[in-house]
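Q: Fold the following, please.
(chains A and B)
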Amino acid sequence: MGSHRDLPAGMVNHIFTNSGISSFTEFVGSYAPDLLPGRNETLATPVGDHVPHATTIVAATCAGGVVMAGDRRATSGNIISQRDMEKVFRTDDYSCMGIAGAASTGIEMARLYRVELEHYEKMEGRTLSVAGKANRLATMIRGNLGMAMQGLVVVPLFAAYDPEVDGGRIFGYDVGGGPYEQQQYHSIGSGSIFARGSLKKLYRENASPEEIILVLINALYDAADDDSATGGPDVTRRIWPVVAQITADGFHRLSDEEVGGHVQTVLETRMSSPDGPVAPLR
Amino acid sequence: MPFGYVSPEQQMRDKADYARKGIARGRSVVVLQYEHGILFVAPNPSRALHKISEIYDRIGFAAVGRYNEFEALRLGGIRYADINGYNYARDDVTARGLANLYAQNLGQIFTESPKPFEVEIVVAEVGDSSEEDHIYRLTFDGSVFDETGLVAMGGQAEAVAGRLKERYSEGLPLAEALEAALFALTEPGGERSPASQLEVAVLDRNRPHRKFLRLNGPRLERLLAEGAGGATQETAPEAPGTPQTPDLPPTAPEGDLDTGSNG
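A: Now for the predicted structure:
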C-alpha cells in the first residue's frame, strides 16, 4: 500500500480510490484479488468427483414472471454428500440463479454475484438491465474457465423479471460463459436431459405461477426418477425442492409448507400413474 | 519566528471555521428514529444528486456539505461494506466499523490536507429493535458522536434540532415522524417543501433482506397528507404560543460557492 499522499484528496485508504467502474468484482480484483473465486494457482491434479456436485435446476416462464426450482441433493461420485442443499439463490429483488456443478465454487459465485448486482445498484443509483445482469454473470463464469478445466465446473442458470417486457427471462451458460437466452423453459445439471423432456411435454405458455410450479416439480420428479444424482422429494424427512418465483412483486421463495402442498399434489398423481401426467396426443 | 509562520492552533481554528462555514451554507438534513426504524429527510430539489443513500443491508448514509466530497465518502463506504460482507458474513458489516473508517479518513484529511472536507455525515444502522439502532454523526474533523433518537445537521442545525425536539417522541409512527421532520426543517412561518423537493428514505426493520427504502411519488404524498391531517388536530391549540418570526432569512441562503448539493 502506497503513501496516502498518492491518493485523491488525501484519502488514507485505498478503498476510496475510484477505479472508474462500478463493478464489485473488478474492485476486489484490484484491492484483494485472492478473495475472488477461480484466481487460485492451478491444481496439481483435477479434482474430479471428490468434491460435492450440485445437480438439477429447472426454470420456466409463467404469466407475468418466471419460476425456478432446484432439487436438494449434492453428490461426490456415488456418495450423497448432502440431502438438503440449497442451489437456488436470490441475487437481487428481481432475479435469482441456480447452480449446477462443483457446489463450493457455485455457492461462492452466487454470493459474489449478489454483491456484484447490489454494488452496482448502490454505486450508480440504478439497477442493471436484465441483459446487463446476464452479461456480468457470463464474465464471472468465463473467469472460472481455468478451474473448470481442472474439474471445478460451475454452470449457472439465471432467471429474472424484466419490467421492459413485463415477463420473465431465462439465461443459460456453458463453462466458457455465455449467456444464451432461453425461451419458455430450461434445465441444467446431471438430470437436465430428463427434466427437459418432461418440461417439453408439460409446459404451457402463459400458465399461472401455480401451474408452472407443478410443471417444475414434475420435471424434477422425472429427473430424480432417471438420474441417480438428482434427489426426489424426501417424504420421510420432509425435504422438498427449493422453489422461487419472481414477478413484478419481486423475488419470493416459497415456504416449505407452500412447496409441501404442491409436492403432495404431484405425489398423489404419481401414486396412480407413476410416470406422471400424460400429455395429449393431438 | 520565520515569516508567514502560523501556529498549529491558529491553523486548526482556521480550518475548522472554514469547514463550519461551508457546512452551514447548505440546507439541513434530519435523521430520526420512528416506530419501525430510522427515517431520513432532506430538502433536495435534485433527483440525481442524493444526500441520502443505502450503504448496506441495514446501514444508511446521510450527508450535508460539498457534494463531491461526501460522494467520495459514500462510494468508499459502499466498497468497505461490500468487501467486508463478502469476505465474512453479511451480519458482520456494522455502522460502528464504517463510522471508524470515516473518522480515520476525515481526521487525517483535517490535519494533513490544506483544505478540510466541508461535510458532516450520519451513518445509521437499524437493529432488530429500537434499542439496537445506532446513529453515528461524524463531523469534518473526524469526531464521532453516538446519537440517540434524532440528529439534525447542516444549515442552521441547532435551530432545526430545537424544533425537532419539540415534536419528537419515541416510537412515532412513520407519518408523524415525517411530519415532525418537516416541521423542524421549515422556518417558523416559512413555506414547506413540496413532495417533489424532498428526499425521504427509511431503514425499515420489518423489510426482508435490504432494509433501506426510498419514499417518493404517490407513497410519499400519501404519508405527507396523513401526517399533516394528524398534526393539525393535535397541535392546533399550541399554535398561538409558538413565536412567529416571518422576517427571518430563509434556512438556506444561496452561498457564493456551488456545493452541488442544494440545487
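Q: Can you point out the helix or strand that includes A:I170?
A: Assigned by DSSP states H and E, A:I170 falls within strand A:167-174.
Q: Can you give me the distance of A:K200 to A:N218?
A: Remark: distance between A:K200 and A:N218 (C-beta to C-beta, to the nearest Å) = 12 Å. C-betas here are computed from N, CA, C, even on glycine.
Q: that older thread, who does the next helix or strand after the strand holding A:I170 touch, helix- and strand-wise?
A: Reading on from strand A:167-174 to the C-terminus, the next helix or strand found by DSSP H and E is strand A:177-182. When contacts are defined as 3 or more C-beta pairs under 8 Å, 6 or more residues apart in numbering or on different chains; DSSP states H and E, strand A:177-182 sits against helix A:130-143, strand A:167-174.
Q: Just send these back as TSV, with mean pLDDT, distance to chain B and mean neighbour count too.
A: TSV is the format used below for the helices and strands packed on strand A:177-182 (pLDDT from 0 to 100; distance: least, C-beta to the nearest C-beta, whole Å; neighbours: other C-beta atoms under 10 Å in any protein chain shown):
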stretch	mean pLDDT	distance to chain B	mean neighbour count
helix A:130-143	91	13	19
strand A:167-174	94	20	22
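Q: So for A:K200 and A:N218, which residue has more residues nearby?
A: Higher neighbour count among A:K200 and A:N218: A:N218, with 23 against 12, using other C-beta atoms under 10 Å in any protein chain shown.
Q: thought the more buried one was touching A:S198?
A: Yes: shown here, A:N218 and A:S198 form a contact pair, counting by C-beta atoms under 8 Å, at 6.0 Å.
Q: Spit out the residues that contact those two alike.
A: Contact criterion C-beta atoms under 8 Å, 6 or more residues apart in numbering or on different chains; residues shared by A:N218 and A:S198: A:G276.
Q: So which of the helices and strands packed on strand A:177-182 is nearest B:Y80?
A: Ranking those by proximity to B:Y80 (C-beta to C-beta) places helix A:130-143 first, at 21.5 Å.
Q: so what secondary structure elements neighbour that closest one?
A: Contacts defined by 3+ C-beta pairs under 8 Å, 6+ apart place helix A:130-143 against helix A:24-31, strand A:95-102, helix A:103-124, strand A:154-162, strand A:167-174, strand A:177-182.
Q: now do 7 Å
A: On a contact count with 3 or more C-beta pairs under 7 Å, 6 or more residues apart in numbering or on different chains; DSSP states H and E, helix A:130-143 meets helix A:103-124, strand A:154-162, strand A:167-174, strand A:177-182.
Q: Would you tell me which one of the ones you listed is buried the most?
A: Greatest average neighbour count among the helices and strands packed on helix A:130-143 goes to strand A:154-162 (a mean of 26), per mean count of other C-beta atoms under 10 Å in any protein chain shown.
Q: So what's the model's average confidence on that strand?
A: For strand A:154-162, the mean pLDDT works out to 93.
Q: cool, and stretch A:194-201?
A: Mean predicted confidence for stretch A:194-201 is 94.
Q: Same question for stretch B:103-111.
A: For stretch B:103-111, mean pLDDT is 91.
Q: That one: which residues count as buried?
A: B:A103, B:N105, B:L106, B:G107, B:Q108, B:I109, B:F110 (16 or more other C-beta atoms under 10 Å in any protein chain shown).
Q: hmm, back to that, give me the sheet partners of the strand holding A:I170 and which way each runs.
A: Partner strands for strand A:167-174, per DSSP bridges, with pairing direction: strand A:154-162 (antiparallel), strand A:177-182 (antiparallel).
Q: CA-only coordinates of the longest one in PDB, if you can.
A: As requested, the backbone C-alpha atoms of strand A:154-162 are provided in PDB (Å, rounded to 0.1, in the frame of the first residue of the first chain):
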ATOM      1  CA  VAL A 154     -19.800 -24.400 -12.500                       C
ATOM      2  CA  VAL A 155     -22.700 -23.800 -14.800                       C
ATOM      3  CA  PRO A 156     -25.400 -21.400 -13.600                       C
ATOM      4  CA  LEU A 157     -29.000 -20.800 -14.700                       C
ATOM      5  CA  PHE A 158     -30.100 -17.200 -14.400                       C
ATOM      6  CA  ALA A 159     -33.700 -16.000 -14.300                       C
ATOM      7  CA  ALA A 160     -35.100 -12.500 -13.900                       C
ATOM      8  CA  TYR A 161     -38.200 -10.500 -14.100                       C
ATOM      9  CA  ASP A 162     -37.800  -7.900 -16.900                       C
END
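Q: That strand versus helix A:130-143: what angle between them?
A: 170 degrees (axes from the mean of the first three to the mean of the last three C-alpha atoms, to 10 degrees).
Q: how big is the angle separating strand A:154-162 from helix A:103-124?
A: Using the same axes, to 10 degrees, the inter-axis angle of strand A:154-162 relative to helix A:103-124 is 40 degrees.
Q: low-scoring stretches of the chain, by residue?
A: By default, I'm working from chain A. In the predicted model, chain A carries pLDDT under 70 at residues A:1-15, A:17-21, A:38-44, A:48-49.
Q: Actually, chain B is the one I wanted.
A: Low-confidence segments of chain B, defined by pLDDT under 70: B:1-2, B:230-263.
Q: Tell me the residues on it that lie near chain A, please.
A: Counting by C-beta under 7 Å from any C-beta of the partner chain, chain B comes close to chain A at B:50, B:54, B:72, B:75-76, B:78-80, B:82-83, B:85-87, B:101, B:104-105, B:108-109, B:112-113.
Q: are any of those residues buried, and which?
A: When the residues of chain B next to chain A are checked against 16+ other C-beta under 10 Å, the ones flagged as buried are B:50, B:54, B:72, B:75-76, B:78-80, B:82-83, B:85-86, B:101, B:105, B:108-109.
Q: mind saving the C-alpha coords of the lengthiest helix in chain B as PDB?
A: Looking across chain B with DSSP state H, the single longest helix is helix B:67-87. Taking C-alpha atoms only, helix B:67-87 is exported to PDB below (Å, rounded to 0.1, in the frame of the first residue of the first chain):
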ATOM      1  CA  TYR B  67     -21.400  17.000  -2.900                       C
ATOM      2  CA  ASN B  68     -18.200  15.800  -4.400                       C
ATOM      3  CA  GLU B  69     -16.600  15.300  -1.000                       C
ATOM      4  CA  PHE B  70     -19.400  13.300   0.600                       C
ATOM      5  CA  GLU B  71     -20.000  11.300  -2.600                       C
ATOM      6  CA  ALA B  72     -16.400  10.100  -2.300                       C
ATOM      7  CA  LEU B  73     -17.000   9.100   1.300                       C
ATOM      8  CA  ARG B  74     -20.300   7.300   0.300                       C
ATOM      9  CA  LEU B  75     -18.600   5.300  -2.500                       C
ATOM     10  CA  GLY B  76     -15.800   4.400  -0.200                       C
ATOM     11  CA  GLY B  77     -18.200   3.300   2.400                       C
ATOM     12  CA  ILE B  78     -20.100   1.000   0.000                       C
ATOM     13  CA  ARG B  79     -16.800  -0.600  -1.100                       C
ATOM     14  CA  TYR B  80     -15.800  -1.100   2.600                       C
ATOM     15  CA  ALA B  81     -19.200  -2.600   3.400                       C
ATOM     16  CA  ASP B  82     -19.400  -4.900   0.400                       C
ATOM     17  CA  ILE B  83     -15.900  -6.200   0.700                       C
ATOM     18  CA  ASN B  84     -16.400  -7.000   4.400                       C
ATOM     19  CA  GLY B  85     -19.800  -8.500   3.900                       C
ATOM     20  CA  TYR B  86     -18.400 -10.700   1.100                       C
ATOM     21  CA  ASN B  87     -15.200 -11.700   3.000                       C
END
